[in-house]
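A.B. asks: sequence unavailable; structure follows:
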């Protein structure tokens, strides 16, 4: 069992930065692949970024590539999403997710956080 709790959401101006954190429970968290998803009003939830066990296993959606960075600190059981050059279209509820499979974490992760709202004003 893994429990995920996101934090760091809020209101930010366009062009600004924000870092989201996801604190995870569980002694074996380092064995899980992790990801960040987002869901904007009226839109489907989409995968933003995933991270397996090394930087070679990162994935970014085209919409955020070059602006967002996913990372993890296994010693702290925490996953981060650094968001730079934010745009109004990045406004969404952001969710942290985890799964034992790197493939599944992008499409159907087993564990989800409760979400944190990010609002980018123009």
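C.D. replies: Cool, the structure landed. Here the structure is a predicted model, which is why all the values come from computation and not from measurement.
A.B. asks: residues contacting the closest residue to residue 43 other than its chain neighbours?
C.D. replies: Using Cβ to Cβ, 6 or more residues apart in numbering and skipping the chain neighbours, the partner closest in space to residue 43 is residue 92 (7.8 Å). The way it works is simple: take the backbone N, C-alpha and C, and place the C-beta from them, glycine included. The neighbours of residue 92, taking Cβ atoms under 8 Å, 6 or more residues apart in numbering as the test, are 38, 39, 40, 43, 117, 118.
A.B. asks: okay, now the last one: neighbour count?
C.D. replies: Residue crowding around residue 118 was assessed by other Cβ atoms under 10 Å; the count is 21.
A.B. asks: for the helix or strand where it lies, name the packing helices and strands.
C.D. replies: Following DSSP states H and E, one finds residue 118 within strand 116-121. With contacts taken as 3 or more Cβ pairs under 8 Å, 6 or more residues apart in numbering; DSSP states H and E, strand 116-121 sits against strand 10-13, strand 18-24, strand 92-99.
A.B. asks: let me see the contact set for the nearest residue to residue 117 once chain neighbours are set aside.
C.D. replies: Leaving aside its sequence neighbours, residue 117 sits nearest to residue 9 (Cβ to Cβ, 6+ apart; 4.8 Å). For residue 9, the contact set (Cβ under 8 Å, 6+ apart) comprises 18, 20, 94, 116, 117, 118.
A.B. asks: now swap in residue 30 and tell me
C.D. replies: 53, 74.
A.B. asks: so it sits in a strand?
C.D. replies: No - using DSSP: H, G, I helix; E, B strand; the rest coil, the assignment for residue 30 is helix, not a strand.
A.B. asks: just give me the neighbour total for the closest residue to residue 51 other than its chain neighbours.
C.D. replies: Spatially, and ignoring its direct neighbours in sequence, residue 51 is nearest to residue 70 (4.7 Å; Cβ to Cβ, 6+ apart). Residues lying near residue 70 (other Cβ under 10 Å) number 22.
A.B. asks: can you tell me the helix or strand for residue 70?
C.D. replies: The secondary structure element spanning residue 70 is strand 68-73 (assigned by DSSP H and E).
A.B. asks: what residues of that strand count as buried?
C.D. replies: Residues of strand 68-73 classed as buried: 68, 69, 70, 72 (neighbour count, 16 or more other Cβ atoms under 10 Å).
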